[in-house]
Every structure is written in structure tokens, then in C-alpha cells.
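Undergrad: Everything below, folded, please.
(chains A and B)
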Amino acid sequence: MAGVSPLPSELADRPRGPRSSDLISAVAELRWRLLVNSLRTIRGRLELVSRIFVGFSVTTLALGGAVFLAPLAYISIAQDHPDYLAIALWIIFAFWQLYPVLGALASVPFEFATLLRFPMTFSTFWWLAFFYGVVDPVCLVSLLWLAAILLGIGVASPALLPGAALALLGFALINLFLSRAVYLWLERWLAQRKAREIMGLVFLFLIVGFQFVAPLATRMGKHQAGAFRSLTSIADVARFLPPGLASFSLQQFQQGKALEGLYLCAGLGVYAVLLVALVNGRLRAQFFGENLSEAAAPVAVRTGKKLHESWDLRGFSGPIAAIFEKETRYLLRSGPVLFMFVMPIVILLLFRLNPAVSGGGHGTLASLPDWAFPVGSAYALLMLTNIVYNSFGSDGGGLQFFLIAPVPMRDVLFAKNISHTAVLAINTTLVFVATSFLYGPPRPDIVFVTLAALLFALPLNLSAGNLMSVYSPKRYDLAAFGRQRATSATALVGMLVQALVVGISFLVIFAAHHFGRLWLAGVAFFPLAAVSFLVYWLILNKAARAAVDRREVLVAEICRTSADSTASGRAS
Amino acid sequence: MPAPAIATENLTRRFGQLLAVDHVNLSVAPGQFFGFLGPNGAGKSTTIKMLTGLLAPSEGRITILGTDLVADPVTVKRQIGVVPEGLALFGRLTGAEYLNFVGRMYGLDRKTAAQRAAELLDFMQLSDRPKALVTDYSHGMQKKLAMAAAVIHGPKILFLDEPFEGVDAIASGTLKAMLQRMIAHGATIFLTSHVLEIVERLCSHIAIIHQGRLVAQGSIDELRSGVEARVAGVGSADGDAAAAARPREKLTLEQIFLEIVGGARLTGQELTWLA
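TA: Alright, predicted model coming up:
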């Protein structure tokens, strides 16, 4: 028989499934092959280069952290201040638990349960999941840091070593199982689109929320006594959480209270057992099969039948109105995109609260309130470029419809640009309202100049955006928050266009300011806007022709299945 | 003789060195239910993509209902409906929103588009979850929606790339009923499928493409006669006159297909370790 070699008889005759070690090495080999195969493309090679840089940074972070933590542990024990270690343990805890969560939200999760098609026992599956967590770089870095702490403690006080080892081992196990539990539950939630989108949105709001910590803390600083009381009560609660328990047990061991130290280690053990049970439950659910399908069964009963009529966009043809409606619905149903539109207001609020520049209680823009509306509007335009420069990105398989429909591609691009313009108009209005509320109503001449500048800047951005959408497309998943960057070429062109717009606008405004009449800048922007619009009109035709000529490239990039991106994304 | 609904002259497509479609000359008469068959990688999807404007030919000419596709794509596209390989759905719309969108893109007014969308959703049994997004539909539901979208404007020609793949028996029955109704009303249907039983039951005419070349074209009876004559000829040449003269059972489309593309011969390989 050609091409197929017979299996070794001992394997063929084996009555039970393969050994755990066979499966673990098979999974390791699979990941290695995925990495090697990903290097066949330039994109894959670039990804590897970037990962080498990331790997270098992680190694530096790991070694740097270890070099810092070992002496810290030594000093803490030598100077009889084991409570210092609580801070280090909290930092390690936060790093170990939060970093993987951010990673999971920012990338396509590896579907661990897909391995279940192979013949494996529950214990094999369990150990695979465990090792998958242990070999995570974050886990390895954290373990190295804990080892450094243990080394520092051991050098400072060898007698403390057994107790410290026990406490840190308990702490490490808790972290390991907690991170696995978090990962497995995240995998469970992120398997469903709606949950994924909600989680992503919560995550983004958290990130924005962090931006407000510094300004709010500064404000709280004025009421120091209250703030101190709050912090003390937080510390009381934190003592019963894993990092607190571990550091407290270290203190007990150092004070010679071995029994109390052991009790606290037992507390760590209870945490670990609970977490193992949690991991176990999740893995068991996966192992015995759970249905995470989002395709719900049809509902048998219907209540009332209502005709759904599409939108009417006066003055525009049916297809343009249809595309406008489709684009608007897409934007309204995308958390990340909606979030993007809230950002200019967030920025205005941040500048209002940020004391960094002006000192005292006034914000950066509070000292220059005239700039708030132009800055907010410019930021709104900048945010809009994310979709303008890759306007087919979120169409997915639907892109093919634009190519088979009896509608010229010019109309498709134009309709998309109308929706972009509408979004900017709404966002600028929101910025105006926010500016008025936060900084007081902007001066009429400032509003006039800003709107005139937008009239000049928008068509230029739409022109460049249409070209880049066709020449450098990239699939964009509206349900995912990570890996949504445009191509490097798009980013570069976008930057150049912004530099051009800002340069010209600066010259115009500077000249008007020189004559002491700012409104003149607004007037000067009108002929520039006319030129910009002419450029737009000419480029629209060119981009439409290019879209038809490059339809294969567009379809190949935008209509890729998520499996393609999963394979390439997770390969390395 | 009426002008063909679909005609190609020397239709060719190259991908670098690979000649995916090699000077194909097709002719499909109006009102035919036409099956376009071929093994994996033979050039079926490439051909259907070129016929629907998704892919530019490297050489050759495509005429749809008398209009040159390359010269006047919009006129052609207005008269055809397509269910492409990737279904071409917008996942973030509901079924009704998507059908309305498609209707308007084909020039229907808002009211007509809405009425037809509702009728199609009912016919396809997709109206039970009006708020569900297409991305949350099952594969079979997405296929039915794509089919509904392809017919909402009443096309004269329908191009279907593997319409029955991944569709359950109930949905398949619904789709077949709709297609037969369209044929009864004079539409032309051009479909590719690997399910030869369905093709045999539905199609009146067949073309077979193999390694980019059109190797057979005609009605199923014509192809059957050709294959039977060839087999009989081989039998006579081998001196087996009795075998050649023996009355045969009617060849199925699968047998015809395998005989034409040369897949009927066994490789002689055996997987000895399989029980």
C-alpha cells in the first residue's frame, strides 16, 4: 500500500486511548507546526519578529522584576518589615490575573474544547488544561518573581525559609488555579457573540475609568482624612484575600508564631481547593459536552406580523438609502465603534479634570477654553478615520454582495461616505454640547472656523479613506476589541493626511490671527473646502474603478473566514 | 432557436501559472435547469464567479441574456440572482433588514421590498426570530436567507453555488420547491452541486468541467447515450461483443459523471489496517 504506513501493532492493538504524554506532545507539536507554517507569509514573519521583540521585553521585565524583588524581600525581612512584601504580592497577583484577561479580550481565544474530539480521558483533559496554563509566559514570569522573593527571604533569614516556601507555594497555586478558572470562564463567556461584546465594552469602560483615577485622586486628596479612612478599610478587607493572607502568614512566621502562620497557610489552601473545584466544574462541563451555539432554535409562536420598511433618504436613490441604512445599523450595533464616538467627550472631560498643566484645580483646556470645541471636533474627525480608512473592513462576506448587485461601486462608496459625514455631524454636535456644558459656550467665530475647517478636512480624509479602503483593506470584526488595527500603509497615509490638514489649517489660522480677525480663517477655509471636495469627487471615481479592478484582493482579505484569522492569530 | 440565456466563448482564468478555467464554451438555453458539475478543484466556483461578475476573466467573453457582462455589468446584474459560495450576507442585520436592503439595491421601492421580504421570510420559515441578527442564524438558515435574497427581485437567471450544502432535508425541500416554481415560470437556473442525486432529479441539462476544461455538455439523456456508446465501443474493441450487446440498466448521473471524469477506476490501494 503506497503512501500510508501501517500503525505499529502495539498502538493499533491498544484497547484504551493514547497516553496523556502522547496527547500533550501532539498538542505541542501542533502548535509548533502552526508557528512554522505561519512563517510562509510575510505577515506571519512580521508577526514572529514582533513576538521576538515582545519576548525580549517580557524577559527583561521578568529578570528586572526578579532583580528588584530579591533585594526587596531581603530588606523587608532584615529590617523587620515583612509587611512591605504585601505590596509586592499584590502587584504579582494583579499582573498574574489581569494581564491574561486583557490578552483574552484582545484576541481570538483558543478553543480548548476542540481537543475533545480526540480520545482522551477526563484526567488527561484536565492535565492538558493545567499545563496550558503553566506554560503561559505570565505564569512563568510570576513564578520567577516569587522564587526571587523566596531567595531574598532565605538569604535574610534561613529559618524563615520553610514557612515562607509554604506561604508562597499556596499563593502560587491560588494564582495558577484562579488564572485557569478566569480563563476557562472567559472562554465560556467569550464563546458567545453577545457576551463577548458586553465584556469588551465593560473592558473599554474600565480602561477609560482608569484615566479618571489620577484627577479624582487629586480631588480626593483635599479631603485627606476621609481618603485615609477609606484606604484603611480597604486594607482590612484585603488582608483576607490571597496576597494579604500570604504576606500576613509571612509576618506570623517571622514573629515566631508558627501555628498562626500555618493557620493562614491553611486559609490559602482553602482558597486553592475552592478554585480547583471551580476549574474542575468548568472542565467537566466542557468534557461532557455543552452547547454554546448562538443559533437558537426557532420559536414556534409568533405574535403579530409587521412589515419592516427600509429607510427613506430624501434626495438620494434607493440603493444609496439602503447602504446608508445598513451602515448606520452596523455602527449602532458595534460596541467598539460606539465607544469610539464617545471618546471625544471623554477627552474633553479628562482635560477638564486634569490638573497637570495648569496646576491647582483647573484642567488643561480650562485655561484655554476657546480650544475645547476645535480640539473635541478634531478628535471626533480623528476617531472617524478608523472606519473611513477601512470602510469595507466590517462588511465581511457581505462585501461580495456589493460586487454582484447592480449598483455602481461609486454609489456604494458615496453612500458609505454619507453615513461617515452623518456620524461626524452628530459627533460634532455632541462635542458642542459637551464643550458648552464643561467649558462654557464656545465663541461664534471659533465655531465658524472649526466647522469651516471640518468642511475642508473631511473630504480630504474621505478621499484618502476611499483609496486606502480599496488598496489596503483589512477585515475588521465588529464583535472583537483586539487586533483591529489598520494596515501599516493605511496608518502611514492617515498620518500624512492629518499632517497636511493640520499644517494647512495652522497656516490659515495663524494668518487670520496675525490680522486680528479669526473669522477670516473661516472664510479662507471655504475655497480650500471647494478644492478638497473637487479632489474627493475625482478620487471617488478612481477608487470605484479600483474597487472593481481589485475585487479579488478585496474579497480575499475581507471575506476571510474567522477560522483563517484564528489559525494565523493563534499560530505563534 | 432562442438566444442562449448564458453563453461563454473561450472563457479562461489563470491564477499565476495555474490555468483554473481553460477556454470554456458554455451555452445554456432560457428556461433550463442547468447543472454544472466537476470534481473538487475542477474550476466550477471560478467559472460561476466569472459568470456573476465576482471575478474577471483572463480571456474570453461572457454573454448573459444577450448582454456582454464585461461591457455592461449593471444591466446583467439587474437580471440575475446569485447565491455565491460565501453567501454574501451582512451578519449585523436582521433577516428582514437584510432582505429589504437587497430589495432596494435591486431597485424595488420600499413597500414592495418590505412585502416581498415578509413573504420570503415566511416561505423560508425564517420569520420566527425577527430580532435575531443574521450572524446568529444557523448555517441552514443563512443559506435559506441567501436564497431568499437572490430571488427577491424576480431574476430571470439564478446562479447557485452549492445551494444544498449543509442544508437539512426540510430546508432542502423548501429550496427545491422554490426552484421548481421558478423554472415553471420560465426562469433559468445554473447550479453547481456535489450532490449528484439532487442534480439528477432537478436538472434537465448538465455540463461537466474537469481540470479547467469542459468535458461534456448536454441533456442528461444525451450524456448517458454518449457514455453508453463509449463503454460499448470499448467492449467491442476488447472483443467482448457479448458485453457490448448486453442490455444495460439505465446509468445514473453518478455513473455517468465518474465515467467522464475518470474517477470510476479503483486505485488498487487498500487500507489494510482498517477492519
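
Undergrad: Which pLDDT value goes with residue 225?
TA: The chain I'm using is chain A. Per-residue pLDDT puts A:Ala225 at 61.

Undergrad: right idea, wrong chain: chain B
TA: B:Ser225 is given a pLDDT of 87.

Undergrad: so how many other residues sit close to it?
TA: Neighbour count for B:Ser225, taken as other Cβ atoms under 10 Å in any protein chain shown: 14. (Each C-beta comes from the backbone N, C-alpha and C, glycine too.)

Undergrad: Strands along chain B, start to end?
TA: In chain B, the segments counted as strands under DSSP state E are B:6-15, B:18-24, B:27-28, B:33-37, B:59-64, B:67-68, B:80-83, B:157-161, B:188-192, B:205-210, B:213-219.

Undergrad: Partner strands of the third one, with direction?
TA: Read that as strand B:27-28. strand B:6-15 (antiparallel) (DSSP bridges).

Undergrad: The strand it pairs with vs strand B:188-192, what angle?
TA: Interaxial angle of strand B:6-15 relative to strand B:188-192 (axes from the mean of the first three to the mean of the last three Cα atoms, to 10 degrees): 30 degrees.

Undergrad: would you list the strands of chain B in CSV and tack on mean neighbour count and mean pLDDT?
TA: Below are those laid out as CSV (neighbours: other Cβ atoms under 10 Å in any protein chain shown; pLDDT from 0 to 100):
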stretch, mean neighbour count, mean pLDDT
strand B:6-15, 18, 94
strand B:18-24, 18, 92
strand B:27-28, 20, 93
strand B:33-37, 25, 93
strand B:59-64, 19, 94
strand B:67-68, 14, 93
strand B:80-83, 26, 93
strand B:157-161, 24, 93
strand B:188-192, 25, 94
strand B:205-210, 23, 93
strand B:213-219, 17, 92
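
Undergrad: Which of those sits closest to A:Ala129?
TA: Evaluated over these, closeness to A:Ala129 peaks at strand B:157-161, with 40.2 Å, by Cβ to Cβ.

Undergrad: returning to what we had before: need the strands of chain B in TSV (columns: distance to A:Ala422).
TA: Below are these laid out as TSV (distance: least, Cβ to Cβ, whole Å):
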stretch	distance to A:Ala422
strand B:6-15	40
strand B:18-24	42
strand B:27-28	44
strand B:33-37	43
strand B:59-64	37
strand B:67-68	36
strand B:80-83	30
strand B:157-161	35
strand B:188-192	40
strand B:205-210	47
strand B:213-219	50
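
Undergrad: OK, contacts around B:His49?
TA: Residue B:49: Lys, not His. The neighbours of B:Lys49, taking Cβ atoms under 8 Å, 6 or more residues apart in numbering or on different chains as the test, are B:55, B:84-85.

Undergrad: Which one of the residues you listed is nearest to chain A?
TA: Nearest to chain A among the contacts of B:Lys49, counting by Cβ to the nearest Cβ, is B:Pro84 at 5.3 Å.

Undergrad: Past the longest helix anywhere in chain A, which element shows up next along the chain?
TA: As assigned by DSSP state H, the longest helix anywhere in chain A is helix A:42-78. Next in sequence after helix A:42-78, counting helices and strands by DSSP states H and E, comes helix A:84-105.

Undergrad: Return the list of helices and strands in contact with that next one.
TA: Packing contacts for helix A:84-105, counted by 3 or more Cβ pairs under 8 Å, 6 or more residues apart in numbering or on different chains; DSSP states H and E, involve helix A:42-78, helix A:137-156, helix A:161-190, helix A:193-211, helix A:242-254.

Undergrad: Tell me which residues are up against it.
TA: With contact meaning Cβ under 8 Å, 6+ apart, helix A:84-105 is reached by A:69, A:72-73, A:75-76, A:136, A:138-139, A:141-142, A:145-146, A:149, A:171, A:175, A:178-179, A:182-183, A:186-187, A:190, A:199-200, A:203, A:238, A:242-244, A:246-248, A:250, A:481-482.

Undergrad: what about A:Leu206, distance to chain B?
TA: Remark: distance between A:Leu206 and chain B (Cβ to the nearest Cβ, to the nearest Å) = 25 Å.

Undergrad: Show me what from the stretch 101-250 of chain B comes close to chain A.
TA: Taking Cβ under 8 Å from any Cβ of the partner chain as the contact definition, the stretch 101-250 of chain B meets chain A at B:101-111, B:113-115, B:117-118, B:125, B:127-130, B:132-133, B:135-138, B:141, B:149.

Undergrad: Give me the buried subset of the residues you listed.
TA: Using 16 or more other Cβ atoms under 10 Å in any protein chain shown as the burial test, those include B:101-108, B:110, B:113-114, B:117-118, B:127-130, B:132-133, B:135-138, B:141, B:149 as buried.

Undergrad: looking at the chain, which helix or strand is least sure?
TA: Just so you know, I chose chain A. One helix or strand of chain A scores below all others by mean pLDDT, DSSP states H and E: helix A:562-571, with a mean of 39.

Undergrad: oops, chain B please
TA: Result, chain B / mean pLDDT, DSSP H and E: helix B:241-245, a mean of 55.

Undergrad: Tell me the confidence at B:Lys131?
TA: So, for B:Lys131, pLDDT stands at 82.

Undergrad: Now do the same contact list for the residue nearest to it when sequence neighbours are not counted.
TA: Nearest non-adjacent residue to B:Lys131, counting by Cβ to Cβ, 6 or more residues apart in numbering or on different chains: B:Thr94, 6.2 Å away. Contacts for B:Thr94 (Cβ under 8 Å, 6+ apart) come out as A:308, B:130-134.

Undergrad: Considering the residues you listed, which is situated nearest to A:Leu350?
TA: Checking those against A:Leu350 by Cβ to Cβ gives B:Leu133 as the nearest, at 33.8 Å.

Undergrad: So what sits opposite the closest one in the bridge?
TA: Residues in a beta bridge with B:Leu133, per DSSP bridges, are B:Thr94.

Undergrad: check contacts around it.
TA: By Cβ under 8 Å, 6+ apart, the residues touching B:Leu133 are A:333, B:91-94.

Undergrad: Quick one: which of these has the lowest pLDDT value?
TA: Lowest in pLDDT among those is A:Arg333, which has 82.

Undergrad: before we move on, back to that, which of the helices and strands packed on helix A:84-105 sits closest to B:Glu59?
TA: helix A:42-78 (30.2 Å).

Undergrad: Using neighbour counts, pick out the buried residues of the closest one.
TA: Across helix A:42-78, burial judged by 16+ other Cβ under 10 Å covers A:44, A:47-48, A:62, A:65-66, A:69-70, A:72-74, A:76-77.

Undergrad: just stretch A:152-170 next, same as before
TA: Using 16+ other Cβ under 10 Å as the test for burial, stretch A:152-170 gives A:152-154, A:156-157, A:160-161, A:163-164, A:166-170.

Undergrad: Quickly check the residues you listed for the two that are furthest apart.
TA: A:Ala156 and A:Gly170 (20.4 Å).

Undergrad: Low-confidence bits of the stretch 151-275 of chain B, can you list those?
TA: Along the stretch 151-275 of chain B, the parts satisfying pLDDT under 70 run over B:233-248, B:263-269, B:275.

Undergrad: do the same with the stretch 1-150 of chain B
TA: Across the stretch 1-150 of chain B, the ranges flagged by pLDDT under 70 are B:1.

Undergrad: still on that earlier bit, what would the contacts of B:Lys49 look like in CSV with distance to chain A and neighbour count?
TA: Shown next, in CSV, are the contacts of B:Lys49 (distance: Cβ to the nearest Cβ, whole Å; neighbours: other Cβ atoms under 10 Å in any protein chain shown):
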residue, distance to chain A, neighbour count
B:Leu55, 6, 21
B:Pro84, 5, 24
B:Glu85, 9, 17
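
Undergrad: Identify, from those, the entry nearest to B:Ala5.
TA: Set against B:Ala5, the nearest of those by Cβ to Cβ is B:Pro84 (18.7 Å).
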